[in-house]
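Undergrad: Turn this into a structure:
(one chain, ligands or ions: 1)
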Amino acid sequence: MNNNSFFITTPIYYVNDSPHIGHAYTSIACDVIARFNRLNNKTTMFLTGTDEHGLKIEQAAKKNKMDTKKFVDQMNVSFKELTKTLNLSNDFFVRTTEAYHKKASQHIWDILKKNNQIYLDKYKGWYSVSDEAYFNEDEITTDKSGKKLAPTGSEVQWVEEESYFFKLSEWQDKLLDFYDKNPKFIGPESRKNEVVSFVKNGLNDLSISRTTFSWGVEVPDDKKHVMYVWLDALINYLSAIGYPDKKYKKFWPADLHVVGKDIIRFHAIYWPAFLLAAKLEPPKRIFAHGWWTNEGKKISKSLGNVIDPNEIIKEFGLDTLRFFLLKEVPFGNDGDFSKNSLQRRINNDLANDLGNLIQRVLTIINKNFDGKLNKIKEINENDKKLYEYPEKLLKTISKNYEKQELHKVIENIWKLISESNKYVDESAPWELVKSNKDRAGDVLNILVVVIAKIAIYLAPIMPSVSENILKKIGLSIKNLSNEDILKYDFLDLSYKIEKPKIIFQKFDND
Ligand code: ME8
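TA: Take a look at the predicted model:
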C-alpha cells in the first residue's frame, strides 16, 4: 500500500427504500474527511455505493410487484442522484449486483473454503429480515401481541435450513489479540468497549449462506445456496478497488470505514474475522457515528417522519445542511434533527459570526480603498497573533481529523473566526481609515489573509461557500497549490474587491 494514499468508505446502503437524512449524514461526513485528505495531498479514494442483495430487497421488489433486478436498478438511481445533490466527491460508486463484485465475493468464498474456514450444516434459529441478521435465543423478547423481537426492535422469524457456516468461533482469541495490538481499530472508545465485551462473551459460528431464496451471489460449486448478504456486502470494500486483481493493493488496507453504530459489529467483528481467515489485512480503522432522531422521535417510515435530504437542501441550502449535521452533535454521539436548531445555527454561527466578519471587512475595503489593498507595510505583535493563528489551527484540525472529531474541526475554525471578529472590534478599521489610512490598510490586509485561510479550512465542510468567499477576494481553491495554502503571500493584490453580497440570509424564528 502506498503510504501517501487514503481510502475511506461509507456503508453501502440498502436499496429497499429511498435514501434519508441518516444516509446523507454518513456520506457527508466521509466526503468532508476525503476532501480534507485531498487538500493534504493524499491520493484519496472515497467509496460509496449500494447493497442490492438479500431477502429484504427481494421482498421489497415483490411488494412493488417488480422484477428484482429492475427494482434495484430503479432504486439505485435515487442513491446515485443523492451523491450529486450532496456534492459528494466520491471516486467510485459500487453496486453489489455488478459482475466484478460477484467475482470478488466468490473468490473470497473459495479462499475461505480452501483455508478450511467453511463447513456445511443446518441453521436453526432466529433471523431478522429488516436487520439481515441472526440472533441468539437469549437476545429475543416477545411483545404484547406475541411478536418475537430482536434487540433492534425488528421482528424476527424462525429459520431452519441447510447452510454453510463460517468458523467464527475459532477467531475469538485472535480478534481480541488483534484489538489489543491495534488500539485505534475501533472508534470512538465507547464502541470499542462494546465490541470487545461482545467478543469476550463468546462467538458462535456464523451461517453464511441461505437456500430459501435466490437473490444473492451464488455460492461457488453449490448453486442451491446464495451467500449471506453481509458477507457479500462487506466484500464491496475490496471489489470496488479491483480485488482480486492486485491493483487493489494500491488502496488496501482501507484507512477508514465510517459506519452508523447500528452496524459496528458486522464491521468490527465479522469483517476482520473474514479477512484474517482469508489471509488479507483488516482495515486500519472503523469509526461508528451516532443515530439521528427527528424532533426526539426515531426516524421511521411507519411513523411517517422520514427526513428527505432533498427537501432540507431546497429549503436551507446544501452547505448549511452539511455544516449543521457536523456541528450540531459531536461525531460519534446521537443527535436530534429539528428545523429550529438548523435555523439557529444559520443565524448564529453562519450569518452572525462568519458572514458578518466577511461582510464588514470587505465592505470597508470596497468603500475606502476602491476595492484594492497594497502590500502589508508594518505588522505589530497583536497583528502577528492573528496572522500566525491559522498555521497553528491547521495542526490542530489535522489532529481532529485523524480522530474523526469533525465537530472539533468546526469548533476550532470558529475560534479563529471569533478571534478575527475580536480583532476587527479592537482595531476598529472604520475609524482608522479616517485617522491612519496606512494602518487601516495593514489591518484589513491581515484580515483578508485570515479570511482566505478560514475559507480554505472550510472547503471540505462547505465547498461552495468556501469557493464563494475566495472568489470575493480574487482566489479560487482550484488555482491554489498546497504550498500556496501554507504560505501567506498568495493574495492577488491586483484584484478588486466588489461590494460584498450577503452570504447567509438569516431566518426570523429566533
Ligand atoms: O446497514 N442516523 O444499510 P442501510 C444516522 N446495507 N445514520 C443513519 C440513520 C440514522 N437515523 N439511518 C441510517 C446497511 N443511517 C447495510 C450496510 S455495509 C457493508 C452494508 C446510516 O441502508 C448509517 O451509516 O440500513 C447506517 O449505518 C447506515 O445508514 C445503514 O444503512
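Undergrad: Taking the chain, what residue is nearest to the ligand?
TA: Nearest to the ligand, among the residues of the chain, is Gly22, at 2.1 Å (C-beta to the nearest ligand atom). (C-beta placed from N, C-alpha, C; glycine too.)
Undergrad: contacting residues for that residue?
TA: The neighbours of Gly22, taking C-beta atoms under 8 Å, 6 or more residues apart in numbering as the test, are 260, 291-292, 299.
Undergrad: Can I take it that it is in a helix?
TA: Yes: with DSSP: H, G, I helix; E, B strand; the rest coil as the criterion, Gly22 is part of a helix.
Undergrad: near the ligand too, which of the contacts of Gly22?
TA: Of the entries in the contacts of Gly22, those that also sit close to the ligand under the rule C-beta under 6 Å from any ligand atom are 260, 291-292, 299.
Undergrad: sorry, back to before: which of the contacts of Gly22 ranks first by neighbour count?
TA: Of the contacts of Gly22, Trp292 is surrounded by the most neighbours, 21 neighbours in total, counting by other C-beta atoms under 10 Å.
Undergrad: State the distance from it to Ser18.
TA: Distance check for Trp292 against Ser18: by C-beta to C-beta, to the nearest Å, it reads 16 Å.
Undergrad: ok, Ser464 - contacts?
TA: Remark: with contacts taken as C-beta under 8 Å, 6+ apart, Ser464 is in contact with 87, 318-319.
Undergrad: Low-confidence bits of the stretch 101-250 of the chain, can you list those?
TA: Applying pLDDT under 70 to the stretch 101-250 of the chain flags no residue at all.
Undergrad: what about the helices in it?
TA: Using DSSP state H, counting those that start in this stretch, the helices found in the stretch 101-250 of the chain span residues 172-181, 189-200, 229-234, 236-239.
Undergrad: Mean neighbour count and distance to the ligand added to those helices, as JSON lines?
TA: Shown next, in JSON lines, are the helices of the stretch 101-250 of the chain (neighbours: other C-beta atoms under 10 Å; distance: least, C-beta to the nearest ligand atom, whole Å):
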{"stretch": "helix 172-181", "mean neighbour count": "14", "distance to the ligand": "18"}
{"stretch": "helix 189-200", "mean neighbour count": "15", "distance to the ligand": "12"}
{"stretch": "helix 229-234", "mean neighbour count": "25", "distance to the ligand": "4"}
{"stretch": "helix 236-239", "mean neighbour count": "25", "distance to the ligand": "6"}
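Undergrad: Contact residues of the stretch 151-300 of the chain facing the ligand?
TA: Near the ligand, the residues belonging to the stretch 151-300 of the chain are 233-234, 236, 259-260, 262-263, 291-292, 299 when assessed by C-beta under 6 Å from any ligand atom.
Undergrad: Look up phi and psi at the residue located most distally from the centre of the chain.
TA: The centre of the chain is farthest from one residue, Ser435, which by C-alpha atoms, centre = their mean lies 50.2 Å away. With angles defined as degrees, to the nearest 10, Ser435 shows backbone torsions of phi -100, psi -30.
Undergrad: remind me which residues of this structure are low pLDDT?
TA: When the per-residue scores of the chain are filtered using pLDDT under 70, the ranges that remain are 1-2, 479-494, 509-510.
Undergrad: follow-up on the earlier one: ok, and the most crowded of the contacts of Ser464?
TA: Note: the member of the contacts of Ser464 with the most neighbours is Asp319, at 22 neighbours, neighbours being other C-beta under 10 Å.
Undergrad: how close does Ile118 get to Ile108?
TA: Between Ile118 and Ile108 the computed distance is 11 Å (C-beta to C-beta).
Undergrad: More neighbours: the two, which one.
TA: Under the neighbour definition other C-beta under 10 Å, Ile118 and Ile108 were set side by side, and Ile108 has more, 23 against 20.
Undergrad: can you tell me how far that one sits from Lys102?
TA: Computed with C-beta to C-beta, the distance linking Ile108 and Lys102 is 11 Å.
Undergrad: what does Lys434 give?
TA: Look at Lys434 and Lys102: by C-beta to C-beta, they are 74 Å apart.
Undergrad: So between these two, which is more surrounded?
TA: A side-by-side neighbour count of Lys434 and Lys102, using other C-beta under 10 Å, places Lys102 first with 19 against 9.
Undergrad: Report the spatially nearest residue to Asp308, omitting neighbours in sequence.
TA: Closest residue to Asp308 apart from its sequence neighbours, by C-beta to C-beta, 6 or more residues apart in numbering: His20 at 6.5 Å.
Undergrad: quick one, what contacts that neighbour?
TA: 299, 306-309.
Undergrad: Between those, identify the one with the most neighbours.
TA: In terms of neighbour count, Pro309 stands highest of these at 23 neighbours, by other C-beta under 10 Å.
Undergrad: Spatially nearest residue to it (excluding sequence neighbours)?
TA: With sequence-adjacent residues excluded and distances taken as C-beta to C-beta, 6+ apart, Pro309 is closest to Ala24, at 4.0 Å.
Undergrad: for the ligand, what are the nearby residues on the protein?
TA: Counting by C-beta under 6 Å from any ligand atom, the chain sits next to the ligand at 11-14, 22-23, 25-26, 51, 233-234, 236, 259-260, 262-263, 291-292, 299.
Undergrad: Narrow these to those in helices?
TA: Of the positions in those, 22-23, 25-26, 233-234, 236 sit in helices, assigned by DSSP state H.
Undergrad: Most widely separated two among the residues you listed?
TA: With distance counted by C-beta to C-beta, no two of these lie farther apart than Tyr25 and Leu234, which are 20.8 Å apart.
Undergrad: Quick check: Asn136 touching Leu203?
TA: No: because the distance of 10.8 Å does not satisfy C-beta atoms under 8 Å, Asn136 is recorded as not touching Leu203.
Undergrad: who has more neighbours, the two?
TA: Leu203 (19 against 9).
Undergrad: how about the strands in the stretch 51-200 of the chain?
TA: Chain-ordered strands for the stretch 51-200 of the chain, with DSSP state E, counting those that start in this stretch as the definition, fall at 92-95, 118-128, 133-135, 141-142, 148-149, 157-166, 186-187.
Undergrad: And the fifth one, what does it pack against?
TA: Contact here means 3 or more C-beta pairs under 8 Å, 6 or more residues apart in numbering; DSSP states H and E; on that basis strand 148-149 packs against strand 141-142.
Undergrad: mind putting the contacts of His20 in CSV, secondary structure and distance to Glu162 included?
TA: Formatted as CSV, the entries for these read as follows, by DSSP: H, G, I helix; E, B strand; the rest coil; distance: C-beta to C-beta, whole Å:
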residue, secondary structure, distance to Glu162
Ile299, coil, 37
Val306, coil, 38
Ile307, coil, 42
Asp308, coil, 42
Pro309, helix, 42
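Undergrad: In JSON lines: the residues you listed, plus distance to Lys375.
TA: Converted to JSON lines, the contacts of His20 look like this (distance: C-beta to C-beta, whole Å):
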{"residue": "Ile299", "distance to Lys375": "54"}
{"residue": "Val306", "distance to Lys375": "55"}
{"residue": "Ile307", "distance to Lys375": "49"}
{"residue": "Asp308", "distance to Lys375": "50"}
{"residue": "Pro309", "distance to Lys375": "45"}
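Undergrad: hang on, the earlier thing: want to throw the helices of the stretch 101-250 of the chain into a markdown table with distance to Ile497?
TA: Putting the helices of the stretch 101-250 of the chain into a markdown table (distance: least, C-beta to C-beta, whole Å) gives the following:
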| stretch | distance to Ile497 |
| --- | --- |
| helix 172-181 | 54 |
| helix 189-200 | 47 |
| helix 229-234 | 51 |
| helix 236-239 | 46 |
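Undergrad: Looks like the residue nearest to Pro309 contacts Leu88 (just checking).
TA: No: with contact taken as C-beta under 8 Å, Ala24 and Leu88 are classed as non-touching, separated by 9.6 Å.
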